[in-house]
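Enquirer: Compute the structure for the input listed below.
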Amino acid sequence: MPINQLHHLTSGQLFRQKDDIKPSSPNQQGTFSCVRSTESISTMSFAGKYELQSQENFEPFMRAIGLPEDQIQKGKDLKSVTEIVQDGKKFTVTVTTGTKVMKNQFTIGEESEIELMTGEKVKVVVQMEGNNKLVAEAKGMKSVTELNGDTITYTMTVGNITLKRVSKRV
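Expert: Numbers count the residues shown, from 1 in each chain. You can find the predicted model right below:
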């Protein structure tokens with residue numbers, strides 16, 4: 001493929017080169033062919049429903065972000081269900097905890113407005129790291145959502161306090 005056509009590849013068409021790339025012939029500058037094979041890679045699908053299995057540092061984290069104590073006590077033992085709908089780079093994430101439903105929509109790499117656990121709405125740009133990790137930062141908090149098989153691990157850090165939540169696909 002001529003090198004000037006590489007920019008036309010979409011994320012689903014990216015290739016991880018296993019071996020060497022060499023010019024097709026000594027006279028063809030900028031034209032390359034694969035000597036051996038390539039392995040196609042793409043973004044993993046986050047789509048599905050996930051039920052909370054465990055969490056660490058819930059109460060200290062919620063206090064650190066300013067959630068009222070009565071809400072912390074009500075929410076600490078509730079099992080949340082997260083539903084993720086993914087269409088390429090577009091995501092809709094709906095989290096249901098008891099009777100509270102929080103729905104956020106975003107597109108990877110684009111500024112979006114999302115609602116935080118406190119109810120506050122903020123602008124954020126969600127980035128993809130590798131093919132299985134969503135990363136965002138807002139208001140001094142860093143959020144990382146990592147998919148491994150049927151398990152999503154969600155970590156949110158503010159200051160030196162990290163909330164870790166592990167959910168399984170149902």
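Enquirer: List the buried residues of stretch 59-67.
Expert: By 16 or more other C-beta atoms under 10 Å, the buried positions in stretch 59-67 come out as Phe61, Met62, Ala64, Ile65, Leu67. In this view, the C-beta of every residue, glycine as well, is placed from N, C-alpha and C.
Enquirer: where's the second one, which helix or strand?
Expert: This means Met62. helix 58-64 (DSSP states H and E).
Enquirer: which residue packs closest to the residue nearest the centre of the chain, ignoring adjacent ones?
Expert: The centroid of the chain falls nearest to Leu134 when counting by C-alpha atoms, centre = their mean (2.1 Å). Counting by C-beta to C-beta, 6 or more residues apart in numbering, Leu134 lies nearest to Thr145, which is 4.3 Å off, once chain neighbours are set aside.
Enquirer: what's the answer for Thr162, then?
Expert: Thr162 sits nearest to Thr155 (C-beta to C-beta, 6+ apart), 5.7 Å away.
Enquirer: list the contacts for that neighbour?
Expert: Each residue near Thr155 by C-beta atoms under 8 Å, 6 or more residues apart in numbering is listed here: Ser143, Val144, Glu146, Thr162, Leu163, Lys164, Arg165.
Enquirer: can you do 7 Å?
Expert: Residues counted as contacts of Thr155 (C-beta atoms under 7 Å, 6 or more residues apart in numbering) are Val144, Thr162, Leu163, Lys164.
Enquirer: residue ranges with poor pLDDT in the protein?
Expert: 1-43 (pLDDT under 70).
Enquirer: Let me see the ranges of the helices in the protein.
Expert: Using DSSP state H, the helices of the chain run over residues 58-64, 69-75.
Enquirer: who wins for proximity to Val101 among those?
Expert: Evaluated over these, closeness to Val101 peaks at helix 69-75, with 13.4 Å, by C-beta to C-beta.
Enquirer: Look at Ile161 and say how many residues are nearby.
Expert: Other residues lying near Ile161 total 14 when counted by other C-beta atoms under 10 Å.
Enquirer: Sweet, I'm off.
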